[in-house]
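A.B. asks: here's my sequence, what's the structure:
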Amino acid sequence: MNKEELKKLLPHRNSMLLLDEAEAMDGVARGTVKIRGDEWFLDGHFPGNPVVPGVILCEMMGQSVCVLLAAQSEGKTPMFTGLDHVRFRRPVKPGELFCTECRITRVCGSIYFASGEGFVNGKKCVSAEFSFALTGNG
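C.D. replies: Numbers count the residues shown, from 1 in each chain. Okay, here's the model as predicted:
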């Protein structure tokens, strides 16, 4: 699905809707983001050597996994409740296509546990386990 279709599933808008495209198939969410170089999060991170901040890579994986929860998330907001075992292996830079691959690993009430990985040209850049809650708006 493209960015307009993602807006029907995700509550993120404007500069915080980070994914360009995403799909869910067989319990795996895959997303892509082309790093153009003019993104707000590159301003000052770092002058002369722009690198996508690690927390933004985690947010991209979080938005990706939410594609798996389309039926459960209508009218709700996904909120991170934790990040564990985060490992950054390679910086992500302008001009690169960042690809995510994420799965729900466990559900406990309204808390969802997931794992995710991010790649550029097939090389792993980041991996993490994370959890989030679907909360009501208000």
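A.B. asks: give me the neighbour count for residue 69.
C.D. replies: Applying other Cβ atoms under 10 Å, we find 21 residues neighbouring residue 69. Heads up, the C-betas are built off the backbone N, CA and C, glycines and all.
A.B. asks: check contacts around residue 43.
C.D. replies: By Cβ atoms under 8 Å, 6 or more residues apart in numbering, no residues touch residue 43.
A.B. asks: backbone dihedrals for it, please?
C.D. replies: Note on residue 43: backbone dihedrals following degrees, to the nearest 10 are phi -70, psi 110.
A.B. asks: quickly note the distance from it to residue 61.
C.D. replies: Using Cβ to Cβ, to the nearest Å, residue 43 is found at 22 Å from residue 61.
A.B. asks: repeat for residue 84
C.D. replies: For residue 84, the distance to residue 61 - Cβ to Cβ - is 13 Å.
A.B. asks: spit out the residues that contact these two alike.
C.D. replies: Among the neighbours of residue 84, those also in contact with residue 61 (Cβ under 8 Å, 6+ apart) are 128, 130.
A.B. asks: and the longest helix seen in the chain, what does it pack against?
C.D. replies: Across the chain, the helix with the greatest residue count (assigned by DSSP state H) is helix 54-66. The elements that helix 54-66 packs onto, with contact taken as 3 or more Cβ pairs under 8 Å, 6 or more residues apart in numbering; DSSP states H and E, are strand 28-34, strand 76-88, strand 97-108, strand 111-120, strand 123-136.
A.B. asks: which residues does residue 129 contact?
C.D. replies: With the criterion set at Cβ under 8 Å, 6+ apart, residue 129 makes contact with 83, 84, 85, 105, 113, 114, 115, 116.
A.B. asks: with that, I have no additional questions.
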